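Asker: got a sequence here, can you build the structure:
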Amino acid sequence: QVQLVESGGGLVQAGGSLRLSCAASGRTFSSLSMGWFRQAPGKEREFVAAISWSDSNTYYADSVKGRFTISRDNAKNTVYLQMNSLKPEDTAVYYCAATYYRSSRNYHERRTYDYWGQGTQVTVSS
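Answerer: Alright, predicted model coming up:
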C-alpha cells in the first residue's frame, strides 16, 4: 500500500510560481512512476506531468510544457511539481498519483494509477 500526501498549494498571482510536493510512504518509491493531475471545477481530471520510475524520463501535457517541471528525490520519497509563469487557467485541485505500471505510453491516463493523494488547491488570480 502506498500513501501520498501533497503540499505546497496556495494562492498566487498570474505570472508567479509555486512548487508542489508529494510525499510517499513505503519502501518502494524508487519503483513507482509518479504523475500529477489536476481538476478544475466542473471539469474532468486531466493529466499534467509524469516521471518514470527507471530513468526519470518526464512527460508533460501540452498546456504546461515549458512552464512546469516534474522531478523526484528517491532518497526523500518525494516528487515535485515546479510551476512557473502560472495562469488563471491553471487554477485547480492538483493530485499526485503513483503506479507500478511500466509502459510510459499510458502515463497520461488516470486509469494507469493505483494510488492517489487527497489533492492540494492551487488558485491563480488575474
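Asker: for residue 33, which non-adjacent residue is closest in space?
Answerer: Ranked by C-beta to C-beta, 6 or more residues apart in numbering and with sequence neighbours excluded, the top spatial neighbour of residue 33 is residue 53, at 4.6 Å. The way it works is simple: take the backbone N, C-alpha and C, and place the C-beta from them, glycine included.
Asker: wait, that neighbour sits on residue 28?
Answerer: No - proximity of residue 53 to residue 28 does not meet the contact threshold set by C-beta atoms under 8 Å, at 9.4 Å.
Asker: higher neighbour count, the two?
Answerer: The neighbour comparison of residue 53 against residue 28 (other C-beta atoms under 10 Å) goes to residue 53, with 21 against 13.
Asker: tell me the mean pLDDT over stretch 81-101?
Answerer: Taken as a whole, stretch 81-101 has a mean pLDDT of 97.
Asker: in which helix or strand would I find the one residue sitting closest to the centre of the chain?
Answerer: Taking C-alpha atoms, centre = their mean, the centroid of the chain lies closest to residue 36, which sits 2.1 Å from it. For residue 36, the host element (DSSP states H and E) is strand 33-39.
Asker: for the closest residue to the residue nearest to the centre of the chain other than its chain neighbours, pull up the helix or strand it's in.
Answerer: Counting by C-beta to C-beta, 6+ apart, residue 48 is the residue found nearest to residue 36 once chain neighbours are left out, at 4.3 Å. Assigned by DSSP H and E, residue 48 belongs to strand 46-51.
Asker: next one: the helix or strand just after that strand to chain centre, how far?
Answerer: Of the helices and strands lying after strand 46-51 in sequence (DSSP H and E), the nearest is strand 58-60. Its chain's C-alpha centre and that of strand 58-60 lie 10 Å apart, by C-alpha atoms, centre = their mean, to the nearest Å.
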